[in-house]
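Trainee: need a structure here:
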Amino acid sequence: MSSTVYIALGSNLDDPSAQIHRALTALAHLPQTELADCALWYRSVAVGPGTQADYINTVVRLHTELAPLDLLHALQAIETAQGRTRTQHWGARTLDLDILLYDDLSLNTEELTLPHPRLTERNFVLAPLHDLAPELTLVNSKGIERSVKQWLANCGSTGIVQL
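Mentor: Residues are numbered from 1 along each chain as shown. Okay, the predicted model is just below:
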């Protein structure tokens with residue numbers, strides 16, 4: 001049985017647009033996985049240490065037979081193949097692929113937390129997710145439940161521009 005998964009894509013190093021294009025191609029070729037839809041692309045101000053270039057962000061919807069940790073490992077392999085190094089938390093990166101939602105699964109392990117723990121706080125993730133699923137319901141870490149549309153309105157649009 002196929003699961004519906006939303007993945008956030010972001011890049012701010014080494015030609016971010018090309019990085020996102022290559023990532024989309026790689027996602028479309030994952031085994032037992034269909035790339036169902038891709039949101040509009042956005043430019044956002046970097047969140048993290050030091051002065052960083054702006055990010056290019058989007059979200060995709062996948063249908064996959066891969067288990068959550070298998071999918072995570074496949075995404076990390078794509079990041080590594082595109083030059084991702086993990087030297088600084090929230091530092092600049094060639095590619096960041098985050099599992100936002102995996103069906104209605106709640107999971108909290110050392111490797112993976114689902115839904116993504118900061119999903120309801122980040123307009124650069126909520127805006128493209130809104131393009132794909134505005135009425136999707138999300139629950140934050142305090143147990144507050146709202147639609148993607150409502151969470152996005154709560155975050156505002158500061159620092160993000162649709163491309």
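
Trainee: can you give me the strands for the protein?
Mentor: 3-11, 33-38, 42-44, 55-64, 96-102, 107-108, 113-114, 137-139, 145-147, 160-162 (DSSP state E).

Trainee: got a pLDDT number for residue 142?
Mentor: With respect to pLDDT, residue 142 scores 88.

Trainee: quick check: phi and psi at it.
Mentor: phi -90, psi 0 (degrees, to the nearest 10).

Trainee: can you check residue 30 too?
Mentor: Backbone torsions for residue 30, taken as degrees, to the nearest 10, come to phi -60, psi 140.

Trainee: doesn't residue 73 make contact with it?
Mentor: No - the pair residue 30 / residue 73 is not scored as a contact, 11.0 Å apart, by CB atoms under 8 Å. For the C-beta atoms, the positions are set from N, CA and C on the backbone; glycine is no exception.

Trainee: the more surrounded of the two?
Mentor: The residue with more neighbours, out of residue 30 and residue 73, is residue 30; 19 against 13, by other CB atoms under 10 Å.

Trainee: measure the nearest residue to residue 26 once chain neighbours are set aside to residue 72 for me?
Mentor: Excluding the flanking residues, the one nearest residue 26 by CB to CB, 6 or more residues apart in numbering is residue 78, at 4.5 Å. Look at residue 78 and residue 72: by CB to CB, to the nearest Å, they are 11 Å apart.

Trainee: again with residue 103
Mentor: 15 Å.

Trainee: comparing the two, which residue is more hemmed in?
Mentor: Ranked by neighbour count (other CB under 10 Å), residue 103 and residue 72 place residue 72 first, with 19 against 11.

Trainee: let me know the pLDDT of the more buried one.
Mentor: Model confidence at residue 72 (pLDDT) stands at 97.

Trainee: pretty sure it is touching residue 99, no?
Mentor: Yes - taking contacts as CB under 8 Å, residue 72 lies within contact range of residue 99: 6.2 Å.

Trainee: overlap in contacts, those two.
Mentor: Any residue near both residue 72 and residue 99 by CB atoms under 8 Å, 6 or more residues apart in numbering counts here, and that gives residue 112.

Trainee: residues near the closest residue to residue 151 other than its chain neighbours, how many?
Mentor: Nearest residue to residue 151 in three dimensions, chain neighbours excluded: residue 120, at 4.7 Å (CB to CB, 6+ apart). Number of residues near residue 120 (other CB under 10 Å) recorded here: 23.
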